[in-house]
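J.: Need coordinates for the below:
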Amino acid sequence: MTGNTVHAAEAAYRKKRVKRIKKIIVGTAIVLLLLPTIMCLFLLVKVHSLEKQIETITKVSDSGVVKAQEKEVKTTKAPKKASTAEPTIKPTDDTTTKKVYLTFDDGPGSQTGKILDILKKNHVKATFFVTGKEDASSKKIYQRIVKEGHTLAMHSYSHIQDVIYDSKEAFEKDLKQINRCLYEATGVHTKFYRFPGGSSTQNTSLSIQNFIDVLKKNHYLYLDWNVISPDINNANATKEQVVTGVMQGVDAYDTAVVLMYDVADKPMTVKALPSIIKQIKAKNYELLPVDESMILIQHNNGNQEEGK
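T.: This is a model prediction of the structure:
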C-alpha cells in the first residue's frame, strides 16, 4: 500500500469519526432541547388528572353536605303555632343538679365543734348521726346542731353492735334510748337513723330486715352512704388523699351521701373539710342537709347506685 493510499484511508476514517461525533452532539442537543418540553407535557397531564380528582372529591363532599342538610330539615319538627291562651306556669324540678349530703358519724366529740365552725363559716348545712351522751357538753352540741339548721339524726345510743343487734327487743330498746336522749336535749324528734356498720353490716345475730321493720314500725327512715372518706379505711390517708377520694365519689353520683367520721382519731375530717366544701361549690353542686325529700341511699335495698 502506497503512502498516498494510507493517507487517503486515514482521512476517510477521520471524516467518518467526525460525522459520528457530530451526530452524537446533535442528538444530545436535540434530547436536551426536547426534555423540558416532554417534562412540561408530563406535568400538564398530571395537573389535569389532579384537577379531575379534586373536582370529584368536591362533588362527593358537596353531596354529603346537601344530604346532611336535607336530613336535618326532614328531622326538624315544624314550629308550633303560637298559642293565644295564657301559659300555665309549672314549678321547676331540676333533677340534673348534683346533690351532696355531708354526713358525720359517731359524735358528739372533740371534733364536732370544729366541724360546726367550718360549716357555719362556709354557709353549709349538713347532717350529724350522733350517739347517746348525757353530759352537759354533749347536750350543748346537740342543741347547736339543731339551732344552726343541720339535721340531727340517730346512730344508736350505745354504738355497741353486739348488744344492739342481739335481738329485735334489744335494738328497739336502744332506739328508744337515743330518741329520748336527743328529744330531752333539743325538743326535736329525729326522723333519720343510720345503722352502726350500715344496713349492709354482717355483725348481726338476725337478718337486718328485722331491725328495718322496727324502724318502720316507729316511723323512722334509715340512710346509708355511697361515698366514704378515705381516712375511714386508711388511718395514714393524707389531707390531699381524703379530698381527692371524696371528690371522686361525689363526681360519680347525682345524689352523693358522703360518710365522714366525727371522732378524735380521724383528724383529717376537720383538715380536709374546707377544701372539700370549696371544690363542691366550685362545681355548682348543691350541699344539703338530709331531709325527707331526698333520694334515700340504702345498701340493704341495693340502692347504692341511686342517681348515678
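
J.: The residue nearest to the spatial centre of the chain and Phe195: what is the separation?
T.: When C-alpha atoms, centre = their mean is applied to the chain, the residue found nearest the centroid is Asp251 (3.7 Å). Counting by C-beta to C-beta, to the nearest Å, the gap from Asp251 to Phe195 is 26 Å. Every C-beta, even on glycine, is put in place using the N, C-alpha and C of the backbone.

J.: got it, and Arg144?
T.: Note on Arg144: its distance to Phe195, by C-beta to C-beta, is 25 Å.

J.: For the helix or strand Ala256 falls within, list every residue counted as buried.
T.: Element membership for Ala256 (DSSP states H and E) is strand 255-261. Across strand 255-261, burial judged by 16 or more other C-beta atoms under 10 Å covers 255-261.

J.: for Phe151, phi and psi?
T.: For residue 151 the amino acid is Thr, not Phe. Note on Thr151: backbone dihedrals following degrees, to the nearest 10 are phi -90, psi 120.

J.: What distance do you get for it to Val188?
T.: Distance of Thr151 to Val188, given as C-beta to C-beta: 10 Å.

J.: Can you pick out the residue with more neighbours from these two?
T.: Between Thr151 and Val188, counting by other C-beta atoms under 10 Å, Thr151 is the more crowded of the two (22 against 14).

J.: For the more buried one, give the beta-bridge partners.
T.: Thr127 (DSSP bridges).

J.: quick one, what contacts it?
T.: Applying C-beta atoms under 8 Å, 6 or more residues apart in numbering to Thr151 gives the contacts 125-128, 192, 289-291.

J.: now Ser137
T.: Taking C-beta under 8 Å, 6+ apart as the test, what Ser137 contacts is Pro108.

J.: Please, which helix or strand holds it?
T.: helix 136-147.

J.: buried residues in that helix?
T.: Across helix 136-147, burial judged by 16+ other C-beta under 10 Å covers 138-139, 141-142, 144-146.

J.: Same question for stretch 228-242.
T.: Judged by neighbour count (16+ other C-beta under 10 Å), stretch 228-242 contains these buried residues: 228-232, 237, 239, 241-242.

J.: got the contacts of Thr151 as a markdown table, with neighbour count and pLDDT columns?
T.: As requested, the contacts of Thr151 are exported to a markdown table (neighbours: other C-beta atoms under 10 Å; pLDDT from 0 to 100):
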| residue | neighbour count | pLDDT |
| --- | --- | --- |
| Lys125 | 17 | 99 |
| Ala126 | 26 | 99 |
| Thr127 | 25 | 99 |
| Phe128 | 28 | 99 |
| Phe192 | 22 | 99 |
| Pro289 | 20 | 99 |
| Val290 | 26 | 98 |
| Asp291 | 13 | 98 |
